[in-house]
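# Next comes the sequence, and after it the predicted model I'd like to discuss.
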Amino acid sequence: METPAAGPSFRDATDADVEALVALIQSAYRGDSSRAGWTTEADILDGRRTDPESVLEVIKSPDSRMLSVEQDGRIVACCQLERRGDHAYFGMFAVGPDLQGAGLGKKVMAEAERLVRETWNVTEMHMTVISVRDDLIAWYERRGYRRTGQMSPFPYGDERYGVPQRDDLQFELLVKKLG
C-alpha cells in the first residue's frame, strides 16, 4: 500500500533557499518551462523574473518574509510578504508549473493572509498584477481581491523585471480586505 504524499509545509525561507527560489520563480513565469503551467508570462515578457539579490533582500528585510512551501523535500511554491503600514504586500508568488491547477496556490494564499493578519495585525492585502493578465486577475478576483483601477507604469528598460514583448504593460493594484 502506498503512503500518501505529505501535504505542503510552510516556513520562512533562509539564505540557503535563494537558488531554489529563483529557479522556481523563473520556471513559473518565464521561458518554455513556464508554458507547462497557466501563469506563464512567456508571451509578454522575456528574460529573468527575479534575481538572487532581490530574493535575499526579501529574506533579510525586517519588514518582510519569503514564505517557502515544501512538499516531498523540495520547494514547490513561495510568496513574498511585506508589511507596509496598515496593509501587507503580496508578491513573488510562484507555484511550480507541474503543480499549478491542483489547489496549492489557494492554500499558499490562505496561509499568507492568515500569517499577515495574525503576525502584523494588518487589515488588507495588496498586490500588483500586470494589467493584461486577464486569467490571473480573474483567479485573484475569485479569491476575494478587487481591481482598483490604480495603475503604475511597467519599468521599461530595467531588465531586472524582464524584457517586454509588448509596449502596453502596466501594473494594476489589487486589494483584499482581511477579515
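Happy to help now that I have it. Residues are numbered from 1 along each chain as shown.
# Now do stretch 129-138: distance from first to last residue.
Counting by C-alpha to C-alpha, to the nearest Å, you get 11 Å between the two ends of stretch 129-138.
# What residues of it count as buried?
Neighbour-count burial for stretch 129-138, counted by 16 or more other C-beta atoms under 10 Å, picks out 129-131, 133, 136-137. Using the backbone N, CA and C atoms, a C-beta is placed for each residue, glycine as well.
# Closest one to residue 71 out of these, please.
residue 136 (22.3 Å; C-beta to C-beta).
# wait, isn't the closest one in contact with residue 127?
No - at 10.4 Å, residue 136 does not count as touching residue 127 under the criterion of C-beta atoms under 8 Å.
# so is residue 137 in a helix, a strand, or just coil?
At residue 137 the chain is in helix, as set by DSSP: H, G, I helix; E, B strand; the rest coil.
# ok, and the closest non-adjacent residue to it?
residue 129 (5.6 Å; C-beta to C-beta, 6 or more residues apart in numbering).
# That neighbour - that's part of a strand, no?
Yes - counting by three-state DSSP, one finds residue 129 located in a strand.
# and the lengthiest strand in the chain, C-alpha only, in CSV?
If you go by DSSP state E, the chain has its longest strand at strand 74-84. What follows is strand 74-84, C-alpha atoms only, in CSV (Å, rounded to 0.1, in the frame of the first residue of the first chain):
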residue,chain,number,x,y,z
ARG,A,74,11.6,20.3,-2.4
ILE,A,75,10.4,23.9,-2.5
VAL,A,76,7.3,23.9,-4.7
ALA,A,77,5.8,27.4,-4.1
CYS,A,78,6.6,30.7,-2.5
CYS,A,79,5.5,34.2,-1.9
GLN,A,80,6.8,37.5,-0.6
LEU,A,81,5.0,39.2,2.3
GLU,A,82,5.9,42.7,3.2
ARG,A,83,4.5,44.9,6.0
ARG,A,84,3.6,48.4,4.7
